[in-house]
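Let me see the structure of the following:
(chains A, B, C and D)
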Amino acid sequence: MHSIDIQLNNQAHSVPAGSTARDLIATHTSRALGEDGRAVDGSRLGVALAVNGAVLPRGKWASYALCAGDRLDIVTAAQGG
Amino acid sequence: MHSIDIQLNNQAHSVPAGSTARDLIATHTSRALGEDGRAVDGSRLGVALAVNGAVLPRGKWASYALCAGDRLDIVTAAQGG
Amino acid sequence: MSTIDHLATDMFDIDGQQFSSRLILGTGGASSLASVEQALQASGTEITTVAIRHFAAAGSGSVYELLRRNNVRPLPNTAGCFTARDAVLTAQLAREALETNWIKLEVIADEHTLLPDPIELFSAAEQLVAEDFTVFAYTNDDPALAKRLEDVGVAAIMPAGSPIGSGLGILNPHNISTIVARSNVPVILDAGVGTASDAALAMELGCSAVLLASAVTRAHNPALMAQGMREAVRAGRAAHLAGRIPRRDVALASSPAEGMMQTLVGEL
Amino acid sequence: MSTIDHLATDMFDIDGQQFSSRLILGTGGASSLASVEQALQASGTEITTVAIRHFAAAGSGSVYELLRRNNVRPLPNTAGCFTARDAVLTAQLAREALETNWIKLEVIADEHTLLPDPIELFSAAEQLVAEDFTVFAYTNDDPALAKRLEDVGVAAIMPAGSPIGSGLGILNPHNISTIVARSNVPVILDAGVGTASDAALAMELGCSAVLLASAVTRAHNPALMAQGMREAVRAGRAAHLAGRIPRRDVALASSPAEGMMQTLVGEL
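Reported below is the predicted structural model:
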């Protein structure tokens, strides 16, 4: 099983080949996610994903297979403003 | 029975001869006053008396007989400040 | 959302007594006693100034009774006096009438400015302290005169923010904070407050309390303005105690630079 | 003394919703999430701004969860964006992450002043309104730009009192009141508030609400300052509604001339 290299939140990152955006976010947030990109426990996830500088809505996370060189940004609310 | 002329609160005023300061204040405030110059009902009177420009303490009201020409000022709290 | 009152234990100490409210109201200028009473209640005041005037036999109610039934302590003033002699006599009458040693000492220089006459004021303060009055000295905002008044034994310094009834607020904040810094007795801003932010500013400058009358009694809605003043005085007190941020000539971001997307910092 | 809350029915209307609090807090600059939470609770805020930043896997708690458990509505911002393009992307991510159409639009001209870039701001506002965002537009205090932003369909105008984090207060009150007078959408003073009296002044000028962050989060005691800001905003609102007294160049006595003793008016 080989892996592919992506960029996650400005850092180099490897994921197993065939990973989806949902897989990546589930791992990164330590939350189980459904097909709809929502937490299976019903609570709000509070994160969003940009792929190569464009929003990928949570409904498409499960069907988006990561490609080598993809630049991903997982964002959430932070202290500010 | 004759009367004597005094000045009360900047106006000419007549009182029966032999009137005391206590009599005048009792009449003017419609309150019954004791020998100590306090209201007999126990409530506070809230007034003071100046005779010819000097304070006459309430304890001396009953013993002060008004003289013709006396200038009296009965004062109390008013809206102000 | 439940809130804790972080000012619950912050008391105003004056003449050995403690008060929860740092707002002293004046009763002058109101259209009616009912208006005064609504404003007093909305203001939360525990001390209120009154003038000493001729008793009117057919009066339409008594300010004195109004204060007593609202459990508000009267602070008689010597408003209208131009000489130490008149102020002392008025104070003596006030003590006799209201059975309090407290006196707000006003000795006015002229009717145009209503500013205190420093010489007569100082003389009256000396005499009244000698007669065991607790003197609240209405003064201009001169730190030097404030010190002389404190040295002679007044219980509180009451500098004017601006002329009485002018609504011009605090024209010389530096003088007020200088008086506060040098004073060992409470400093109560008196006169000139026009609106809530003026009262808050007075407290931020370190005043122990604020006295105002016209700003409430002559407002379009006195009770609502009284509530505003109550909250403004508390707000300014809280800000004073909380320690404000410094003034800076350049901006300082409140949102962090860390964690920005690469796109957004122009790298890519 | 029991007090009636004369502001009990005074609600802040925005985007078809009503809020009791007219204080919008920012969360930036705080030393810890615990400090933010104490300040939020003391402030009584119902709306609070957050930035959108990279998710840190080993985060020390979540701002988003903190707002949710305190029943505070998040207002995400686009802080740190210098172009309309970046601001629009950040807004889109914020909508996706926080499931709200609300966005506080900040498009900054430079890091020194953090003042908004009028051209990029206007462009971003146009795009975001077209995408059905409810736009809270952080702008300078220019009444002309404010009008253009309103015409393009923003939900609220948020003029700066002074640069973000400067604590300089409201440097041009006339501009703020002009914006208020001409605006048909709520005007929310944003940026520059240093202390409680600044917040009260904003409300007295007619603003519908005040947004501040550093003044609370960077105060020595954030929770106490937050309480001060809560009361200051209410105080300023009350004063605005109550109708302040006019400013006068000469004094106006609050104690009456009538009923003075003859001695005291210099007759005798």
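
Residue C:97: what's it in contact with?
Residue C:97 makes contact with B:45, B:46, B:47, B:48, B:75, B:76, B:77, C:52, C:76, according to CB atoms under 8 Å, 6 or more residues apart in numbering or on different chains. Glycine gets a C-beta too; all of them are placed from N, C-alpha and C.

Take those and keep only those in strands.
B:47, B:48, B:75, B:76, B:77, C:52, C:76 (DSSP state E).

returning to that earlier point: of the contacts of residue C:97, just say which sits nearest to chain A.
If you rank the contacts of residue C:97 by distance to chain A using CB to the nearest CB, residue C:76 comes first, at 51.5 Å.

can you tell me which residues contact the closest one?
The contact partners of residue C:76, taken as CB under 8 Å, 6+ apart, are B:77, C:49-52, C:90-91, C:94-95, C:97-98, C:100, C:102-104.

Mind jotting down where the helices sit in the chain?
Because you didn't say which chain, this covers chain A. A:21-29 (DSSP state H).

try again with chain C
Under DSSP H, chain C gives helices at C:33-43, C:63-69, C:84-98, C:118-130, C:143-152, C:173-182, C:196-204, C:214-217, C:222-242.

do the second one and chain D meet at all?
No - applying CB under 8 Å from any CB of the partner chain, one finds that helix C:63-69 is not in contact with chain D, the shortest distance being 10.4 Å.

Buried ones in that helix, by neighbour count?
C:63, C:64, C:66, C:67, C:68 (16 or more other CB atoms under 10 Å in any protein chain shown).

what's the answer for stretch A:19-28, then?
A:19, A:20, A:21, A:22, A:23, A:24, A:25, A:26, A:28.

Tabulate these (CSV), appending pLDDT.
Below are the buried residues of stretch A:19-28 laid out as CSV (pLDDT from 0 to 100):
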residue, pLDDT
A:19, 93
A:20, 95
A:21, 93
A:22, 95
A:23, 94
A:24, 93
A:25, 93
A:26, 93
A:28, 89
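
ok, which pair from those is furthest apart?
Maximum pairwise distance among the buried residues of stretch A:19-28 (CB to CB): 12.6 Å, between A:20 and A:28.

could you pull out the strands for chain A?
Counting by DSSP E, the strands of chain A are A:3-8, A:11-16, A:47-51, A:54-55, A:71-78.

wait, what's in contact with the residue located most distally from the centre of chain A?
Outermost residue of chain A with respect to the C-alpha centroid, by CA atoms, centre = their mean, is residue A:81; its distance is 25.4 Å. For residue A:81, the contact set (CB under 8 Å, 6+ apart) comprises C:254-255, D:26-28, D:49-51, D:75, D:77, D:79, D:104, D:106, D:211, D:213.

ok, 10 Å please
Contact criterion CB atoms under 10 Å, 6 or more residues apart in numbering or on different chains gives C:253-255, D:24-29, D:48-52, D:75-79, D:104, D:106, D:138, D:164, D:190-191, D:211-213 as the residues in contact with residue A:81.

For residue 72, which non-adjacent residue is closest in space?
No chain specified, so I'll use chain A. Leaving aside its chain neighbours, residue A:72 sits nearest to residue A:8 (5.1 Å; criterion: CB to CB, 6 or more residues apart in numbering or on different chains).

not quite, I wanted chain C
Nearest one to residue C:72, counting by CB to CB, 6+ apart, is residue C:48 at 4.9 Å.

Compute the number of surrounding residues for the spatially closest residue to residue C:96 that is not a sequence neighbour.
Spatial nearest neighbour of residue C:96, excluding adjacent residues (CB to CB, 6+ apart): residue B:48 at 3.7 Å. Neighbours of residue B:48 under the rule other CB atoms under 10 Å in any protein chain shown: 26.

what are the bridge partners for residue B:48, then?
residue B:75 (DSSP bridges).

Quick check: it vs residue C:52, distance?
As judged by CB to CB, to the nearest Å, residue B:48 and residue C:52 stand 8 Å apart.

Common neighbours of the two, please.
With CB under 10 Å, 6+ apart as the test, residue B:48 and residue C:52 both reach B:73, B:75, B:76, C:90, C:92, C:93, C:94, C:95, C:96, C:97, C:98.

so the fifth one sits right up against residue C:98, yeah?
No - here residue C:92 does not reach residue C:98: they are 11.5 Å apart, not a contact under CB atoms under 10 Å.

Distance check, whichever residue of chain A sits closest to chain C against chain B.
Going by CB to the nearest CB, chain C is nearest to residue A:80 of chain A, at 3.1 Å. With the distance defined as CB to the nearest CB, to the nearest Å, residue A:80 ends up 49 Å from chain B.

Leaving out chain neighbours, which residue sits closest to residue 36?
Answering for chain A, as no chain was given. Residue A:36 sits nearest to residue A:59 (CB to CB, 6+ apart), 5.9 Å away.

nope, chain C
Residue C:36's closest residue in space is residue C:30 (CB to CB, 6+ apart), at 4.5 Å.

Nearest residue to the middle of chain A?
Centre-nearest of chain A using CA atoms, centre = their mean is residue A:25, 3.6 Å out.

show me what contacts the residue in chain A that chain D sits nearest to?
Nearest to chain D in chain A, going by CB to the nearest CB, is residue A:80, at a distance of 2.5 Å. Residue A:80 is in contact with C:253-256, C:259, D:26-29, D:49-53, D:63, D:76-77, D:79-80, D:104, D:106, D:213, counting by CB under 10 Å, 6+ apart.

what's the pLDDT at it?
Residue A:80 is assigned 84 on the pLDDT scale.

Now do the contacts for the spatially closest residue to it that is not a sequence neighbour.
Excluding the flanking residues, the one nearest residue A:80 by CB to CB, 6+ apart is residue D:51, at 2.5 Å. Neighbour list for residue D:51: A:75-81, C:253-260, D:26-28, D:63, D:76-80, D:90, D:94, D:104, D:106 [criterion: CB under 10 Å, 6+ apart].

Please list the residues of chain A that sit near chain D.
Chain A comes close to chain D at residues A:8-11, A:25, A:27-30, A:37, A:43-50, A:53-59, A:73-81, as judged by CB under 10 Å from any CB of the partner chain.

Any chance of a ChimeraX selection covering the buried ones in these?
Selection of buried members from the residues of chain A next to chain D for ChimeraX, criterion 16+ other CB under 10 Å:
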select /A:8,9,10,25,28,29,37,45,46,47,48,49,50,55,56,58,73,74,75,76,77,78,79,80,81
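
so where's the chain uncertain?
All of this is about chain A. By pLDDT under 70, the low-scoring segments of chain A are A:1.

Wait, chain C was what I had in mind.
For chain C, the ranges with pLDDT under 70 are C:1-2, C:57-61, C:262-268.

any idea how far residue C:43 lies from chain A?
Counting by CB to the nearest CB - residue C:43 and chain A are separated by 35 Å.

thinking again about what came up before, partners of the residue nearest to residue A:80 in the sheet?
residue A:78.

mind listing what's buried in stretch C:118-136?
Applying 16+ other CB under 10 Å to stretch C:118-136 flags C:118, C:120-129, C:133-136 as buried.

if you look at it, does any of it touch chain D?
No - with CB under 10 Å from any CB as the criterion, chain D is not reached by stretch C:118-136; the gap is at least 12.8 Å.

roughly how far out does that stretch sit from the chain middle?
19 Å (CA atoms, centre = their mean, to the nearest Å).

now stretch C:88-95
For stretch C:88-95, the distance to the chain centre is 22 Å (CA atoms, centre = their mean).

Dump the C-alpha coordinates for it into CSV.
Extracted C-alpha coordinates of stretch C:88-95, given in CSV (Å, rounded to 0.1, in the frame of the first residue of the first chain):
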residue,chain,number,x,y,z
VAL,C,88,-22.0,79.1,57.5
LEU,C,89,-25.5,80.3,58.5
THR,C,90,-27.1,78.1,55.9
ALA,C,91,-25.0,75.1,57.0
GLN,C,92,-26.1,75.8,60.6
LEU,C,93,-29.7,75.9,59.6
ALA,C,94,-29.3,72.8,57.5
ARG,C,95,-27.9,70.9,60.5
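
Quick check: residue C:120 touching residue C:85?
Yes - with contacts counted by CB under 10 Å, residue C:120 reaches residue C:85, the gap being 8.7 Å.
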